[in-house]
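>>> pasting the structure only:
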């Protein structure tokens, strides 16, 4: 994910998630033997209204990048968002994620976040 920082931009700011310190190498764990990836992200503020969208963007990027054998957990860093538990539940529930990606408005936001052309602010 971090090997292509310009491919994942913030939904609210003209910077990459890495530049905003939302995601860092230290917050990503990969266990190839167990086929498991865990990403812990830190919203920019405790009341970030886009935290769920950011997590969904991370999940979609990994779904598109990793072999299907991988189980992916996306989590808000403990104590960094006022609705952390709710966001974690939403981001790691397959049915909720599938439903979110069926919503054309949400899917458009995710596509913009993942689109290289969205990063025009350099």
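Yep, it's here. None of the values given here were measured: they were computed from a predicted structure.
>>> So what's the residue count around the nearest residue to residue 67 once chain neighbours are set aside?
Closest residue in space to residue 67, ignoring its immediate chain neighbours: residue 35 at 7.9 Å, by Cβ to Cβ, 6 or more residues apart in numbering. Just so you know, the C-beta spots here come from the backbone N, C-alpha and C atoms, and that holds for glycine as well. Residue 35: 14 surrounding residues under other Cβ atoms under 10 Å.
>>> Can you report phi and psi for residue 35?
phi 50, psi 50 (degrees, to the nearest 10).
>>> where exactly do the helices run in the protein?
Here the chain has its helices, by DSSP state H, at 51-65, 84-91, 94-102, 104-114.
>>> Would you mind finding the most buried of the ones you listed?
Of all these, helix 51-65 carries the top mean neighbour count, a mean of 20, counting by mean count of other Cβ atoms under 10 Å.
>>> tell me what that helix is packed against?
Identification of packing neighbours for helix 51-65 by 3 or more Cβ pairs under 8 Å, 6 or more residues apart in numbering; DSSP states H and E yields strand 36-41, strand 71-76, helix 84-91, helix 94-102, helix 104-114.
>>> on that earlier part again, got the contact list for the residue nearest to residue 67?
67, 69, 70, 71 (Cβ atoms under 8 Å, 6 or more residues apart in numbering).
>>> Filter the residues you listed down to just the buried residues.
Listed as buried from those are residue 70; burial here means 16 or more other Cβ atoms under 10 Å.
>>> Show me which of the contacts of residue 35 is closest to residue 30.
residue 70 (8.5 Å; Cβ to Cβ).
>>> Tell me, what's the model's pLDDT at the closest residue to the closest one other than its chain neighbours?
If the residues on either side of it in the chain are set aside, residue 70 comes closest to residue 35, at 4.9 Å by Cβ to Cβ, 6+ apart. For residue 35, the pLDDT comes out at 98.
>>> quick one: least confident helix or strand in this structure?
Scoring the helices and strands of the chain by mean pLDDT, DSSP states H and E places helix 104-114 at the bottom, with a mean of 92.
>>> if we can go back for a sec, out of the helices and strands packed on helix 51-65, nearest to residue 53?
Each of the helices and strands packed on helix 51-65 was scored for nearness to residue 53 using Cβ to Cβ, and the closest is helix 104-114 (5.9 Å).
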